[in-house]
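> Dropping the sequence and predicted coords here.
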Amino acid sequence: MIGPFLWTPEEAYALAFPDSPAPGSELRVISYVLPQTPETRADQRLEETMPTERWARSRFHGEEFNCDLRLHLAETLTGAGYPSVAPERLPGFSYRQSERFGLASNWSERHAAFVAGHGTFSLSDAMITRWGKAVRFGSVVSRIDLPVTKRVYGNDHHAWCLWYAKGTCGACAKRCPADAITTSEGHDKQGCFTYIKPTAPVPRPAACARSKSLVKPRCHRRCSKNVKTGAIILVNQHFQNIRWTGARLVVCFVVVALF
Ligand code: B12
Ligand code: SF4
C-alpha cells in the first residue's frame, strides 16, 4: 500500500541481526506513547501560527529523549536475552516518495502504534490516542514471546476521528495555520511541510540524524471526543515523569503488537 521500501518488522530485525534473522511469528513490536503534558497543551491552545516554547522544546529535546529511549529499550531487552532493534535508529532509516502517500519514511511509528491498539489515524493524518494527538511514539522489534494486545477499534484505521466516524467536527481543518487540512482532501503533506520547514529555529540534534523541525500544529490538543475509555488492555505500564532540558514528557504505556 505504501511502497516496497516500507520495512516489515521481520526486515528491520534482519537488518540488525543479519546472522540470525527470525520469522515474523517469533517477533513482537513494542510500541509506546509519550503524551505532552497538560501545561504544554494549555500553552499551545493559545497560539495561532507558531509553536509555543514548551511545544518547541519537547519537539526538539523530547524527540532527542525519544531517540535515546528507543535505543535504551532495545539495548535493555537485548541485554536480557531478547534481541531487539529500534527500526527508527537503524542506519538505513530514511524517507522515500510513496506513489500514493507522497513523502514517507521506511518505518512508521504510527503503523506500529495503530497495530498495537494505541489509536487511529485522522483527517489531519495525525494519530488520535487515548491521550489525544499531542503525543510522540516510539517502537522496538523484539524476539520475545509476549501476549499481543487486542485493538478495541478492530481494523478501522479512522475509527477515532469524528470526521471519518460521524461526519462532524473538522476542527483541525479550521485551525490549521497553513490551510493544509481540508475536509475534502484531508492532509496536504507538501503544504504542511512547506509551512513547517522555516519554523525550525534550532539545529537538529546529533543524536537524531534526521530532519527535525519546530512547528505549531493546529490540532494537538485532545480532540478524540469519541474515544471511549475502555478496559486497560496494555501489558506493561511505565508511569514516570521525566525532565529533559526543560521539556517534560510523561512516559506512558507500552503496548505489544503482533504484525
Ligand atoms: C516525515 C515525518 C514528518 C514530515 C511529514 C509529515 C507527514 N504527515 O507525512 C513533517 C516534517 C512535515 C512532519 C511534521 C510533523 N510531525 Co512528523 N513525522 C514524520 C516521520 C519521521 C515519518 C512519517 C512517515 O512518512 N511515515 C511513513 C508513512 C507511510 O506512515 P504514516 O505517515 O505513519 O501513515 C500514513 C499512511 O499509512 C496513511 N494511511 C492511509 N491509509 C491507511 C490505511 C491503514 C490501514 C493504515 C494503518 C494507515 C493508512 O495514514 C498515515 C498518514 O499519511 C514520523 C516518525 C515515523 N518514523 O513514523 C513522524 C511523526 C509522524 N510526526 C509526528 C509529529 C508529532 C509531527 C509534528 C506535530 C511535529 C511538530 N511540529 O511538533 C508535525 C505535524 C504535521 C502533521 N500534521 O502531520 C509524530 C506523530 C504524532 C501523531 N499523533 O500522529 C511522529 C509519529 C513522530 C513520533 N516519533 O511520534 N513529520
Ligand atoms: S479535530 Fe476533529 S476532524 Fe480533526 S482529526 Fe480531530 S476528531 Fe478528526
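Right, received. Where do you want to start? Ligands and ions are numbered 1, 2, ... in the order given.

> C-alpha only now, for contacts and for neighbours.
OK.

> is it fair to say residue 30 lies in a strand?
Yes - looking at residue 30 with DSSP: H, G, I helix; E, B strand; the rest coil, it is inside a strand.

> Which strand residues bridge it?
Under the criterion DSSP bridges, residue 30 forms beta bridges with residue 140, residue 256.

> Tell me the confidence at it?
pLDDT for residue 30: 98.

> and it, how many residues sit next to it?
For residue 30, the neighbour count with other Cα atoms under 10 Å is 25.

> Would you mind measuring from it to ligand 2?
25 Å (Cα to the nearest ligand atom, to the nearest Å).

> hang on, that residue packs against residue 137?
No - look at residue 30 against residue 137 with Cα atoms under 8 Å: they stay out of range, at 10.6 Å.

> Residue 10 - nearest residue in space that isn't next to it in sequence?
residue 24 (5.3 Å; Cα to Cα, 6 or more residues apart in numbering).

> For burial, what's the neighbour tally of the one you found?
15.

> least trustworthy helix or strand in the chain by mean pLDDT?
Within the chain, no helix or strand scores below strand 240-244, which has a mean of 29 by mean pLDDT, DSSP states H and E.

> Show me what the longest helix seen in the chain is packed against.
Longest helix in the chain, counting residues (DSSP state H): helix 63-79. Helices and strands touching helix 63-79, by 3 or more Cα pairs under 8 Å, 6 or more residues apart in numbering; DSSP states H and E, are strand 84-85, strand 135-142.

> The longest one - what's its average pLDDT?
For strand 135-142, the mean per-residue pLDDT is 98.

> anything in it near ligand 1?
Yes - contact of strand 135-142 with ligand 1 (Cα under 6 Å from any ligand atom) involves 135-138.

> Dump that strand to CSV, keeping only the CA atoms.
Taking Å, rounded to 0.1, in the frame of the first residue of the first chain, the C-alpha atoms of strand 135-142 are listed here in CSV:
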residue,chain,number,x,y,z
VAL,A,135,1.9,12.7,21.7
ARG,A,136,5.1,11.2,20.2
PHE,A,137,5.6,7.5,19.6
GLY,A,138,8.5,5.0,19.6
SER,A,139,8.8,1.4,18.9
VAL,A,140,11.2,-1.6,19.0
VAL,A,141,11.0,-5.0,17.4
SER,A,142,11.9,-7.8,19.8
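
> Okay, angle between that strand and helix 63-79 too, please.
Taking axes from the mean of the first three to the mean of the last three Cα atoms, to 10 degrees, strand 135-142 and helix 63-79 form an angle of 20 degrees between their directions.

> The helix or strand following strand 135-142 vs ligand 1: in contact?
Beyond strand 135-142 in the direction of the C-terminus, DSSP states H and E gives the next helix or strand as helix 162-166. No - counting by Cα under 6 Å from any ligand atom, ligand 1 is not contacted by helix 162-166; separation bottoms out at 12.4 Å.
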